[in-house]
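A.B. asks: Sequence below, structure please.
(2 chains)
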Amino acid sequence: MTTSNTHTESVASKSANARPGPITVQPPAGMLTVSSSPHDRTRWTQTKIMWAVFAALIPNAIAATFFFGWRAPALMAMAVLTCIIAEFIWQKTMKRPVTALDGSAAVTGILLAMTLGVQTSFYAIIIGSVIAIIVAKQFFGGLGLNVWNPALVGRAFLQVAFPQMINGGFPIPKTLATDSGLVSKLAATAHASATAGVDMVSGATPLMIPKDPGLLMSVKQTLTGFDWNLLLGAHPSSLGESSVPALLLGGIILVVLKLIDWKVPVLFIGTTVLIMAVFPYASAGQLPNAQRALMPDVLYPALTGGLFLGAIFMATDMVTSPITTKGRMIFAVGAGTITALIRMYGGYPEGVCYAILIMNTTVPMIDRYVRPRVFGTRAVARGASASAS
Amino acid sequence: MGLSAIMKNILKGPGTFQGGIHPFEGKELTENKASEPGPVADTVTVPTAQHIGAPAKPIVKRGDVVKKGQLIAEVGGFVSAPIHSPVCGKVKKIGIVRFPAFRPMPSIVITVDKECDQWWDGLPKPLDPGDATPEEIKARVAGAGIVGLGGATFPTSVKLNPPKGKSFELVVINGAECEPYLTSDYRMMLEKPDGLIGGLKLLIKAVGAEGGVIAIEDNKPEAIAKLTEMTASEDSITVRAMPVKYPQGGEKQLIYALTGREVPSGAAGTADTGVLVQNVNTAIAVFNAVTTGRPLIERTVTVTGDGVTKPGNYTVAIGTPIRLLLDHAGLDESVKTVILGGPMMGIAAGSLDMPVQKGTGGILCKRDRAVFDEQPCIRCGRCVDACPVGLLPREFSVMVENLYFDELMDYHIMDCIECGSCTWTCPSGRKIVQSIRFGKGEARLLAEKKKAGV
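C.D. replies: Here you go, the predicted structure:
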């Protein structure tokens, strides 16, 4: 049996034609591989991880379909396809290795769609997807090199480009029509919109309601007790923000598979809820402790406005979050704080999108200065036996 | 009678270490196969540098007839070990033997006289372990050519003599065997427990320690049970079961898990922590050296993997060509990688004519190989979570890729134990530890240049 060095892994990363291959291969006959150790590898490759994250979003996609109708999966599919095709075209044109099907573009697409309401037009989502992939990701060098979460950049762009479409109010889900009467309750506090569909009433998201002076007390009166429909997902919101149970299911799957660090969503959501519960805040013209009227329901800010979606799926995006545990915790607390501040004092009832984008900006700095303690760099604890005897 | 208070006070570590990974274990292939004698070679190639430190200097010449256990090469320096003939035979050649993808091996090649089985008459007399003094024990260890048989091959006698002012208060027998596939330590724990415990006691006496502990990963319940039973009446020797995690068998990780003490960054040995760690086979070899006077000339090798049809634990003479051993174990023609050691830190053999050495605990034969496709780093942080030393492996990988060596030392590259956990866990298939090996050389060069004021 002859031996050869030529089948050791060569400059695959530098080669323009390098393609990700299977984990194990059969080298040609008669050769012994003499690569440097280690000689084994985890089965969780980049591609597998990305598609697992995508799969964890399926429960949420199903919930969105249930609450918002068939337009929801159509929008999501449009976003996913556009992202993949945009990445493919870019990589082909720039003569870089094509990785469009590695799952990262698909995740960007579905997350982007989930931050938008079902009223979003298809051309808007196409534009958003192209911005997300081309500008936010490929301009920086592709996967692993972008600073900002591509889906959120796409959403932020659409916010500015099509403000009425994005912020103008979300339709109340159709399926509630026969339900507990939540529809009428919400409709009582809703703004009618001239552009709404015939059988949908355009209503403000629950988070928009408290900020509107006259509505504060009426919401409290109309929503007597905590309505479980709200928890399950039947409230006007963007596609991916409505169903907390579906999001939680996806989150738990990812934590069990060790694909995300559980501390990030827990700290993010916890910080936001804590700050908003503890610190009184005022909308224009309202008394500071009008907040108290709604605060028996501390879950209110937690369950609405995309906090769960952002905390579980966007703040845990590997590329744009810190590489150390300590760094990730700082990131989560920072994002939670900024979200709370935006909601309380900023002009915007959402906050999660911008909080994450702001924290993304700090990640290179966090990674530079937050480092784990190296083993062996603290004083050795010797002499224990002397103290024992 | 339970464990003494002193020992209990020493053994108050957290029980495990930070980081680590859980690779595929594969021990079921050989863990229940009792060790059996392997094939006897016609010619053995005995390298004179089977240890860290200066190669041993041959004291025989071509044509000399040698007996089993005869001293054929003496120590070559302070950090060194002697070499003994594993067989009866005639010295055929003394010189450098070369194999692909391996450093040149100065060796003594001996043709085996299969008729003869006589031990050398120059061996020291057997000693009663109860009577042996620490100096005698250390002298026997030095004379028998014992080196760290877990694979590091550090000369044991040097390890037993810590620097002035430092001493050992605990001796740890490393029964973790955290490398996947390898089971030779496990088999020895089951088959030679008296030698193991006896060796531990000799080591404790030799360094004047308070006591000893046998650390075993809990995927070896039989060994834990047996040794616990045998040490139940001891007040200064105990058995500790450790959770399975690679690299629990790393010396520094083991010391920390058992005692909570950290070997200082940059330290040459473990004397600062007062803990001495020795491999299972090393302890048994120490026992043999004292009680029989015989040197280290053979070892049990785990031959395993899907490339052999009869995986098992085979005891062969040092210097046996691995080809013979692998054929004996039913080597499959389609084998693609032959690894001396385990999959995490083993060295891929470039030729099947390479000899079994003192540090060869296992030979893993694989019919395929893992592909590291080296995608861009996605900053997932899994390498950081996996690193047992608390380093940032992705920084090394990316810096070396960009040939940027200036900050490698600041990031503590020299503290890397090259366990391979980072590389194993990287989803992008980056060759992190390989980059670190390259980076260490460059960083050292840079540091020397800086010191020289260049």
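A.B. asks: Can you pull out the low-pLDDT segments for the stretch 51-200 of chain B?
C.D. replies: Filtered on pLDDT under 70, the stretch 51-200 of chain B yields no residues whatsoever.
A.B. asks: mind checking how far residue B:248 is from residue B:423?
C.D. replies: In this structure, residue B:248 and residue B:423 are 18 Å apart, going by C-beta to C-beta, to the nearest Å. Quick note: C-beta positions are derived from backbone N, CA and C, even for glycine.
A.B. asks: So between these two, which is more surrounded?
C.D. replies: residue B:423 (31 against 22; other C-beta atoms under 10 Å in any protein chain shown).
A.B. asks: quick one: which helix or strand includes that one?
C.D. replies: Element membership for residue B:423, per DSSP states H and E: helix B:421-425.
A.B. asks: pLDDT on that helix, on average?
C.D. replies: Throughout helix B:421-425, pLDDT has a mean value of 95.
A.B. asks: So which elements touch the helix or strand following it?
C.D. replies: Using DSSP H and E, the helix or strand that directly follows helix B:421-425 along the chain is helix B:432-451. The contact analysis (3 or more C-beta pairs under 8 Å, 6 or more residues apart in numbering or on different chains; DSSP states H and E) places helix B:432-451 against helix B:393-401, helix B:421-425.
A.B. asks: Export these as a markdown table, with columns for distance to chain A.
C.D. replies: As requested, the helices and strands packed on helix B:432-451 are exported to a markdown table (distance: least, C-beta to the nearest C-beta, whole Å):
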| stretch | distance to chain A |
| --- | --- |
| helix B:393-401 | 6 |
| helix B:421-425 | 5 |
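A.B. asks: Mean neighbour count, those: which tops it?
C.D. replies: helix B:421-425 (a mean of 28; mean count of other C-beta atoms under 10 Å in any protein chain shown).
A.B. asks: Alpha carbons only: can I get that helix in CSV?
C.D. replies: Taking Å, rounded to 0.1, in the frame of the first residue of the first chain, the C-alpha atoms of helix B:421-425 are listed here in CSV:
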residue,chain,number,x,y,z
SER,B,421,-12.1,20.0,20.7
CYS,B,422,-12.4,23.2,18.8
THR,B,423,-11.7,21.6,15.5
TRP,B,424,-14.1,18.8,16.2
THR,B,425,-17.0,21.1,17.0
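A.B. asks: Measure how far that helix is from the centre of its chain, please.
C.D. replies: In terms of C-alpha atoms, centre = their mean, to the nearest Å, the centre of helix B:421-425 is set 21 Å apart from its chain centre.
A.B. asks: What are the contacting residues of that helix?
C.D. replies: With C-beta atoms under 8 Å, 6 or more residues apart in numbering or on different chains as the contact definition, helix B:421-425 has outside contacts at A:38, A:40-42, A:44, B:19-21, B:23, B:246-247, B:344, B:372, B:382-383, B:385-388, B:393-394, B:430-434.
A.B. asks: Identify the residue of the stretch 151-300 of chain B closest to chain A, quick one.
C.D. replies: residue B:265 (3.8 Å; C-beta to the nearest C-beta).
A.B. asks: Enumerate the residues of the stretch 201-350 of chain A near chain B.
C.D. replies: A:318-325, A:328 (C-beta under 8 Å from any C-beta of the partner chain).
A.B. asks: Could you provide those in CSV, with additional columns for distance to residue A:159 and secondary structure?
C.D. replies: Shown next, in CSV, are those (distance: C-beta to C-beta, whole Å; DSSP: H, G, I helix; E, B strand; the rest coil):
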residue, distance to residue A:159, secondary structure
A:318, 25, coil
A:319, 22, coil
A:320, 19, coil
A:321, 22, coil
A:322, 26, coil
A:323, 29, coil
A:324, 31, coil
A:325, 32, helix
A:328, 26, helix
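A.B. asks: any idea which of these has the most stuff around it?
C.D. replies: residue A:321 leads those on contacts (other C-beta under 10 Å) with 27 neighbours.
A.B. asks: Contact partners for that residue?
C.D. replies: Taking C-beta under 8 Å, 6+ apart, one finds A:264, A:315, A:327-328, A:331, A:360, A:363, B:379 in contact with residue A:321.
A.B. asks: Identify, from these, the entry nearest to residue B:101.
C.D. replies: The nearest member of these to residue B:101, counting by C-beta to C-beta, is residue B:379 at 33.1 Å.
A.B. asks: what about the closest one, how many neighbours?
C.D. replies: Other residues close to residue B:379 by other C-beta under 10 Å number 23.
A.B. asks: if I read this right, it contacts residue A:318, doesn't it?
C.D. replies: Yes. Using C-beta atoms under 8 Å, residue B:379 is in contact with residue A:318, at 5.7 Å.
A.B. asks: Is there any residue in stretch B:359-374 that contacts chain A?
C.D. replies: Yes. Stretch B:359-374 reaches chain A (C-beta under 8 Å from any C-beta) through B:364, B:366-374.
A.B. asks: any idea how far residue A:378 is from chain B?
C.D. replies: 7 Å (C-beta to the nearest C-beta, to the nearest Å).
A.B. asks: Assess the claim that that residue and residue B:263 are in contact.
C.D. replies: No. Taking contacts as C-beta under 8 Å, residue A:378 lies outside contact range of residue B:263: 11.3 Å.
A.B. asks: Look at those two and report which has more neighbours.
C.D. replies: residue B:263 (23 against 11).
A.B. asks: Identify the residue nearest that one in space, chain neighbours excluded?
C.D. replies: residue B:252 (4.6 Å; C-beta to C-beta, 6 or more residues apart in numbering or on different chains).
A.B. asks: coming back round to it: can you add distance to residue B:157 and give the helices and strands packed on helix B:432-451 back as CSV?
C.D. replies: Below are these laid out as CSV (distance: least, C-beta to C-beta, whole Å):
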stretch, distance to residue B:157
helix B:393-401, 35
helix B:421-425, 31
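A.B. asks: Need the pLDDT of residue 210.
C.D. replies: Picked chain A for this. Predicted confidence (pLDDT) for residue A:210: 38.
A.B. asks: hmm, I had chain B in mind actually
C.D. replies: 92.
A.B. asks: Residues of the stretch 1-150 of chain B that sit close to chain A?
C.D. replies: Checking the stretch 1-150 of chain B against chain A by C-beta under 8 Å from any C-beta, the hits are B:5-6, B:9-10, B:12, B:18, B:21, B:23-24, B:100-101.
A.B. asks: Could you identify which of the residues you listed has the most neighbours?
C.D. replies: residue B:10 (25 neighbours).
A.B. asks: and that residue, backbone torsions?
C.D. replies: phi -70, psi -40 (degrees, to the nearest 10).
A.B. asks: what's the nearest residue to the residue of the stretch 151-300 of chain B closest to chain A once chain neighbours are set aside in contact with, if anything?
C.D. replies: Among residues not flanking residue B:265 along the chain, residue A:376 sits closest, at 3.8 Å (C-beta to C-beta, 6+ apart). Counting by C-beta under 8 Å, 6+ apart, residue A:376 makes contact with B:252, B:262-267, B:389, B:415.
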